[in-house]
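**Student:** One predicted model, sequence on top.
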Amino acid sequence: MKPELGVCYYPEHWPEEQWADDARRMVEAGLTWVRIGEFAWSRLEPKPGELTFDWLSRAIETLGVAGLKVVLGTPTATPPRWMVDKHPDMLAVDAEGRVRKFGSRRHYCFSHQGYIAECRRIVTLLGKTFGESPHVAAWQIDNEYGCHDTTLSYSSAALDGFRDWCAERYGDIGALNDAWGNVFWSMEYSAFDQIELPNLTVTEPNPAHVLAFRRYSSDQVVAFNRAQVEVLRDLTEAPLIHNYMGKITDFDHFAVGKDLDIASWDSYPLGFLLDRVGASEDRQLRYLRQGDPDFQAFHHDLYRSVGKGRWWVMEQQPGPVNWAPHNPAPLPGMVRLWTWEAIAHGAEVVSYFRWRQVPFGQEQMHAGLLGHDGRDARGLKEAGEVAGELSACGSVEQGRASVALVFDYASVWAWTVQPQGESFDYFALCFSAYRAFRRAGVSVDIVEPGASLDGYALVLAPGVFSLGDEARAAFDDAEGIVVYGPRCGAKTDEMSIALPLPAGLSGVDVRVSFVESLPGAAPVPVRGGGTVRHWAEAIETDDPVLMATEAGAPVLVGERNLYLSGWPDDALWDRIVAHLGEAVGLDIKTLPEGVRLREIPSHRFLFNYGAGSALWDGEEIPAAGVLIRPL
Ligand code: GAL
């Protein structure tokens, strides 16, 4: 595969006379793709039914004639003001019951059928006009589902939809009462239309009720996306893409991805470090201008899987952003490094956000490849460098990793609904396992529960709350060692306690007697080094005990498969990785702090996220540097 570069462009923000020159400079910089249109509804249809697509036709023509392939966005993340007047109840409602107003973006409720019909309508019109354009080589549907906390809505449309969804899932109200355990606190219903949404209750709502609402809400994202896919499939042969975000977990991305051809995501390493990685203050300072060394890679591997092997970075940070608590500039070299790291994980295209910094609106402080005044910004130089290197580097070929990590969106919801301790965060648990392998220079594929585990020497399955039939079958058939726990198989599918506890784990002999959640300041020391934090299970087992706490409680047990009874800190993860690596013959490396390695069939890449140069395996890697070695 020959990776390419692109950029996000907003022709509607600039005088038309400037478009041709912008296009020329894009091509000159080595960019081949340009994404446009995803927020332009008010300029495409200023009044209901009054279509003004002519400017978009001219923009597509100008960009295409210059030699760029266009990704056309559907504008449904920004319904214009008249839409809200037409459908006042299309606005989402937050958990406090407050209507989320017009005046920014993503102001729609996924359950609103009237708005979905409007989306079908505008997408049909766009598809009919541009579906066969020789310049439109891909479509992006909507923009960043779930971003700005927009998956869950407590609107009346959601209430109607949820009641129907419950009727469909449970068939009769008695079955729902049984499944949810509604005899508890006299919560039984006698009809589906008595069910409310699980907000504004006096104290905590039933976890089964909340999990059901979360499943419902995720299904609405899938349905919303599918409505546009159905329209576009009839009107274009170009691939359909969505741009997901970092650490947005309120809907099942695997389910959305099944309807699309390519997954993409928006990678803002410096914004993420301060906004959502959860790094300690020390780490935030160490990586302030580089971003977390593992957070982007985790998402690259996740979205490669969501895209069934095909994925892009649709938006790549080019300089300081505007939305994090602080917005530093990347260290010189980092824009190049981030781009190469994505390519090393299989990105077909890396597209920078955005072309020129805009002087108005919410994002006037957000860098582009050009400054406000149109002069080259540093990001453009680094993008150009990558473009030059790409033409020299040959085909980039991905292979299967030796280690798989099972990532389950429903487990995010389950453990958000019932964390049992404020620091139990399923995403963070999975991420801690992922980064431990990356520290050791081992690549990890991320898979959904039930995916084939053929060919993996090791499968990590921390915290999968409930094992459905498909997940069980995949674990049963796994060729390698499966490492379960903590909290695996701890619940039924309906959020009751599983019996036996845990349930459905093949190849281990473990009974959980009781669990503890622990404040961060109360780690439990483990013999030989490292600690268990946040979560500890007391287990009984007849399997060999491989690691135990200093007080003698089993931490890692098992013979064929393994069970981990607590949440390891980094030091304990490193010991577990060394142990597992030896058991299955992985090449465990000791990389310098901040250095990451990715080996794929065609290349070996070394990335230095450090602010100083690093030495490894006889090679010097400059600060913010990348070494690319063909194999
Ligand atoms: C993304 C979004 C873009 C832009 C960007 C700024 O989340 O898709 O439209 O807002 O962030 O960093």
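**Tutor:** Arrived safely. Predicted model, so just to flag it, every value in this text is computed and none were measured.

**Student:** for this structure, longest helix please?
**Tutor:** The longest helix of the chain (DSSP state H) is helix 207-235.

**Student:** for the record, mean pLDDT for the helix or strand following that helix?
**Tutor:** Following helix 207-235 in sequence order, the next helix or strand is strand 240-244 (DSSP states H and E). Mean per-residue pLDDT for strand 240-244: 98.

**Student:** begin at 18 from here
**Tutor:** Got it, the first residue is 18 from now on, which makes the last one we talked about strand 257-261.

**Student:** Report all helices and strands that the helix or strand that strand 257-261 is followed by contacts.
**Tutor:** Downstream of strand 257-261, the next assigned helix or strand under DSSP H and E is helix 270-274. Judged by 3 or more C-beta pairs under 8 Å, 6 or more residues apart in numbering; DSSP states H and E, the packing partners of helix 270-274 are helix 224-252, strand 257-261, helix 312-323. (Glycine included, C-beta is placed from N, CA and C.)

**Student:** what angle sits between the last one and strand 257-261?
**Tutor:** Spelled out, it's helix 312-323. Per axes from the mean of the first three to the mean of the last three C-alpha atoms, to 10 degrees, the angle that helix 312-323 makes with strand 257-261 is 150 degrees.

**Student:** From the rest of the structure, what touches helix 312-323?
**Tutor:** By C-beta atoms under 8 Å, 6 or more residues apart in numbering, the residues outside helix 312-323 that reach it are 261, 263-264, 270-271, 273-274, 280-282, 284, 286, 289-290, 294, 328, 330, 355, 358-359, 362-364, 415, 424, 448, 451-452, 455, 460-465, 468, 613, 615.

**Student:** residues from the stretch 118-267 of the chain in reach of the ligand?
**Tutor:** Residues of the stretch 118-267 of the chain that fall close to the ligand, judged by C-beta under 6 Å from any ligand atom: 160-161, 164.

**Student:** could you dump the residues you listed to JSON lines with neighbour count and pLDDT?
**Tutor:** Putting these into JSON lines (neighbours: other C-beta atoms under 10 Å; pLDDT from 0 to 100) gives the following:
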{"residue": "Asn160", "neighbour count": "23", "pLDDT": "98"}
{"residue": "Glu161", "neighbour count": "21", "pLDDT": "98"}
{"residue": "Cys164", "neighbour count": "18", "pLDDT": "97"}
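
**Student:** Mind putting these into a markdown table with secondary structure and distance to Val140?
**Tutor:** Converted to a markdown table, those look like this (DSSP: H, G, I helix; E, B strand; the rest coil; distance: C-beta to C-beta, whole Å):
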| residue | secondary structure | distance to Val140 |
| --- | --- | --- |
| Asn160 | coil | 13 |
| Glu161 | coil | 17 |
| Cys164 | coil | 20 |
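
**Student:** Contacts only, for Leu573.
**Tutor:** By C-beta under 8 Å, 6+ apart, the contact list for Leu573 reads 562-564, 579-582, 593, 596.

**Student:** go with 7 Å
**Tutor:** 563-564, 579, 581, 593 (C-beta atoms under 7 Å, 6 or more residues apart in numbering).

**Student:** what's the helix or strand for it?
**Tutor:** Going by DSSP H and E, Leu573 is in strand 571-575.

**Student:** Which neighbours in the sheet does that strand have, and how are they oriented?
**Tutor:** strand 562-565 (antiparallel), strand 579-581 (antiparallel) (DSSP bridges).

**Student:** Tell me the spatial nearest neighbour of whatever residue of the stretch 468-617 of the chain ends up closest to the ligand, not counting adjacent residues.
**Tutor:** The stretch 468-617 of the chain approaches the ligand most closely through Arg613 (23.7 Å), counting by C-beta to the nearest ligand atom. Using C-beta to C-beta, 6 or more residues apart in numbering and skipping residues adjacent in sequence, the residue nearest Arg613 is Phe624, 4.6 Å away.

**Student:** So that neighbour belongs to a helix, correct?
**Tutor:** No. Membership of Phe624 in a helix is not supported by DSSP: H, G, I helix; E, B strand; the rest coil, which gives strand.

**Student:** Pull the number of nearby residues for it.
**Tutor:** 26 (other C-beta atoms under 10 Å).

**Student:** right, and Ala450 touches Val476 too?
**Tutor:** No. Contact between Ala450 and Val476 fails when scored by C-beta atoms under 7 Å: they sit 11.1 Å apart.

**Student:** Gly642 versus the residue of the stretch 468-617 of the chain closest to the ligand, what's the distance?
**Tutor:** Per C-beta to C-beta, to the nearest Å, Arg613 is found 12 Å from Gly642.

**Student:** go on, Tyr426?
**Tutor:** Distance from Tyr426 to Gly642, by C-beta to C-beta: 35 Å.

**Student:** try Leu535
**Tutor:** Leu535 sits 40 Å away from Gly642, taking C-beta to C-beta as the criterion.

**Student:** So which residues on this protein come close to the ligand?
**Tutor:** By the rule C-beta under 6 Å from any ligand atom, the part of the chain lying against the ligand is 160-161, 164, 283, 285, 332, 338, 340, 370, 380, 383.

**Student:** Which of those residues fall within helices?
**Tutor:** Using DSSP H, no member of the residues of the chain next to the ligand falls within helices.

**Student:** Just the buried subset of the residues you listed, please.
**Tutor:** If you count burial by 16 or more other C-beta atoms under 10 Å, the buried members of those come out as 160-161, 164, 283, 285, 332, 338, 370, 383.

**Student:** which two in those residues are spaced the farthest apart?
**Tutor:** The span of those, defined through C-beta to C-beta, is set by Asn160 and Val338 at 16.0 Å.

**Student:** Return the distance of stretch 439-457 from the chain's centre.
**Tutor:** 14 Å (C-alpha atoms, centre = their mean, to the nearest Å).

**Student:** Buried residues, that stretch. List them.
**Tutor:** 441-444, 446-457.

**Student:** And the contacts of it?
**Tutor:** Contacts to stretch 439-457, defined as C-beta under 7 Å, 6+ apart, come from residues 264, 266, 295, 311, 314-315, 420, 422, 424, 428-429, 432, 461, 477, 479-480, 534, 537, 551-552, 584, 587, 590-591, 594, 598, 605-606, 608, 613.

**Student:** try stretch 325-332
**Tutor:** With C-beta under 7 Å, 6+ apart, stretch 325-332 has contacts from 25, 52, 157, 258, 260, 274, 278-284, 320-321, 359, 363-368, 370.

**Student:** Now list the buried members of these.
**Tutor:** By 16+ other C-beta under 10 Å, these give 25, 52, 157, 258, 260, 274, 279-284, 320-321, 359, 363-368, 370 as buried.

**Student:** among the residues you listed, which are in strands?
**Tutor:** With DSSP state E as the criterion, strands contain 25, 52, 157, 258, 260, 279-284, 366-368 from among these.
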